[in-house]
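> Here is the input, now give the coordinates:
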Amino acid sequence: MTVVGLDDTDSRERGMCTTYVAARLAERLRHEGIVERLCLVRLNPAVPYKTRGNAALAVHTDVAPDEAFALAAEAVGDAAETADPDTNPGVVIAPGSPDTVPAPVAEFSRRAVREEVDPAEARSLADTYEYRHEGWKLGRGVVGALAAVGAWRAWDEDGTFDGPTYEVIAYRESDRWGTPREVDRDSVFAAAEVEYPTVWDTVDRVEGEAVCVPHTPGPVLHGIRGDDPSACRRVSEAIEGEPVERRETFVTNQGTDAHLRPGEVAGVEEARAYRLDGTVASGPETRRGGHVFFDLEDAGTDLRCAAFEPTKRFRDRVRALRIGDRLTVCGEVSEGTLKLEKFAVRELVTTESVNPTCPECDRRMSSAGRGQGYRCRDCGTSSAGKTERPVDRDLEVGWYEVPPVARRHVAEPLVRGGFDAPTHPER
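Below you'll find the predicted structure:
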């Protein structure tokens, strides 16, 4: 067996997609041997130089390493958007089965999903195991390529990873790239309904958007994600629209929260994503642009949390929080702010302290002075201190998430289940 890793062939402005390069490579490899699977690996979404989805690809094949390398280098050379200064492709070729890559390579893969890794480290590790590798320009893509090589074993051994998911991607005919996509919206929503919840994040029903159809230039027509590859393919094939050049099925870490690491508020670092516990320390504040902020406190340390405007109705969930609510929050940290992807309400504040009510006239008492309790100015009745009254809350205990239209590729939708509290899925 041979594992071929690829990364960083696309461009935000010029298009292309590394999944397409991998699909084209797989086609060439199938002429020479067997392709067992293609893996789509979402890397750390918080690194500053990432592409939109920050995906690396691996192809598992029985084609000999030297021949696989030649074909991979040709595929990248033909398709990569190297005219973009931010596109720096990389290829890594590893002989042997994907489930027997060395443990340090699997660990490197886990780290690349959760932190920023130096390309020099990737090249050194590849050299240690005599993996043939190639980088174009800065060669930063060698990081993702090596991470993709180690992903299969990393997924198998990661105790926090509950197994891979799948995506079926349909690609456009090349002469249509850069033009508006022709997709029948009604067919997308109908197909999504049939296979939900096995197939998820195909559409956002509240926003009325076909989430599976990208808006960027490039070869992807639509991508269908879920827990069953056959169900994903059925949805893909049921969508009506322009001709499909090809379809490819990928095994992925999408929708798994593989990027999150447990931590404490006091120990968070930039460009990493966390799952943290804490207490709401400041009331939610809506600022210019519709972004909502609050502070989370744990053990005397505060962390600013934010629900930005693109998270749409999720912001209403955040606005419903009150000081004293206990939460678990999930998201990446950037510039000292945690960008919320989901949160769990662990305990809600259900009462508030108010001035006591006069039993004679049913009016609120006023302060009688510092340390002197409260007194009704009309009746003269008094009370030693404030009283508690119930508070109506628009939240319940359990998990809340951003809607599909705002979901990161790697973030786990609540509908997949397995969470440690009741869930309130968005669809």
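> Ramachandran angles for the nearest residue to residue 129 once chain neighbours are set aside?
Closest residue in space to residue 129, ignoring its immediate chain neighbours: residue 102 at 5.8 Å, by CB to CB, 6 or more residues apart in numbering. Every residue, glycine included, has its C-beta placed from N, CA and C. Main-chain torsions, residue 102, degrees, to the nearest 10: phi -60, psi 150.
> distance of residue 102 from residue 153?
Distance of residue 102 to residue 153, given as CB to CB, to the nearest Å: 9 Å.
> same deal with residue 257?
Applying CB to CB, the value for residue 257 to residue 153 is 19 Å.
> which residues of the stretch 301-427 of the chain fall in strands?
301-307, 326-334, 337-347, 351-354, 366-367, 374-375, 382-383, 387-390, 398-401, 423-424 (DSSP state E, counting those that start in this stretch).
> I should have written the stretch 101-250 of the chain there, sorry.
Under DSSP E, counting those that start in this stretch, the stretch 101-250 of the chain gives strands at 132-135, 165-172, 199-200, 220-226, 244-252.
> closest to residue 42 out of these?
strand 244-252 (7.0 Å; CB to CB).
> Just the CA coordinates for the closest one, please, in PDB.
The C-alpha coordinates for strand 244-252 follow below in PDB (Å, rounded to 0.1, in the frame of the first residue of the first chain):
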ATOM      1  CA  VAL A 244     -22.000  16.800 -13.000                       C
ATOM      2  CA  GLU A 245     -18.500  16.000 -14.300                       C
ATOM      3  CA  ARG A 246     -17.700  13.500 -11.600                       C
ATOM      4  CA  ARG A 247     -18.600  12.500  -8.000                       C
ATOM      5  CA  GLU A 248     -16.200  11.300  -5.400                       C
ATOM      6  CA  THR A 249     -16.800   9.900  -1.900                       C
ATOM      7  CA  PHE A 250     -14.500  11.000   0.900                       C
ATOM      8  CA  VAL A 251     -14.000   9.600   4.400                       C
ATOM      9  CA  THR A 252     -13.700  12.700   6.700                       C
END
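> Other residues contacting it?
Applying CB atoms under 8 Å, 6 or more residues apart in numbering, the contact partners of strand 244-252 are 19, 22-23, 26-27, 37-42, 57, 164-174, 219, 221, 225, 229, 232-233, 236-237.
> re the thing from before, worst mean pLDDT among the strands of the stretch 101-250 of the chain?
Comparing the strands of the stretch 101-250 of the chain by mean pLDDT, the weakest confidence falls on strand 132-135, with a mean of 92.
> Pull the residues that contact that one.
So strand 132-135 is contacted by 65-66, 69, 73, 88-93, 119, 123, 126, 141-142, 145-146 (CB under 8 Å, 6+ apart).
> Show the buried residues in the residues you listed.
Neighbour-count burial (16 or more other CB atoms under 10 Å) applied to the contacts of strand 132-135 gives 65, 69, 73, 88-93, 119, 123, 126, 141-142, 145-146.
> Tell me which of those residues has the lowest pLDDT.
residue 88 (80).
> Wait, it touches residue 8, no?
Yes: using CB atoms under 8 Å, residue 88 is in contact with residue 8, at 5.4 Å.
> Now for those two: what residues contact both?
In contact with both residue 88 and residue 8: 140-141, using CB under 8 Å, 6+ apart.
> circling back to that earlier point, as JSON lines, the strands of the stretch 301-427 of the chain with mean pLDDT and mean neighbour count would be great.
Conversion of the strands of the stretch 301-427 of the chain to JSON lines gives the following (pLDDT from 0 to 100; neighbours: other CB atoms under 10 Å):
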{"stretch": "strand 301-307", "mean pLDDT": "98", "mean neighbour count": "20"}
{"stretch": "strand 326-334", "mean pLDDT": "97", "mean neighbour count": "21"}
{"stretch": "strand 337-347", "mean pLDDT": "98", "mean neighbour count": "22"}
{"stretch": "strand 351-354", "mean pLDDT": "86", "mean neighbour count": "11"}
{"stretch": "strand 366-367", "mean pLDDT": "86", "mean neighbour count": "12"}
{"stretch": "strand 374-375", "mean pLDDT": "87", "mean neighbour count": "20"}
{"stretch": "strand 382-383", "mean pLDDT": "84", "mean neighbour count": "16"}
{"stretch": "strand 387-390", "mean pLDDT": "86", "mean neighbour count": "10"}
{"stretch": "strand 398-401", "mean pLDDT": "98", "mean neighbour count": "20"}
{"stretch": "strand 423-424", "mean pLDDT": "98", "mean neighbour count": "18"}
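> Measure how buried residue 315 is and give me the count.
Close neighbours of residue 315, defined as other CB atoms under 10 Å, add up to 21.
> need the contact list for it.
By CB under 8 Å, 6+ apart, the neighbours of residue 315 are 286, 290-292, 307, 309.
> Nothing else from me, thank you.
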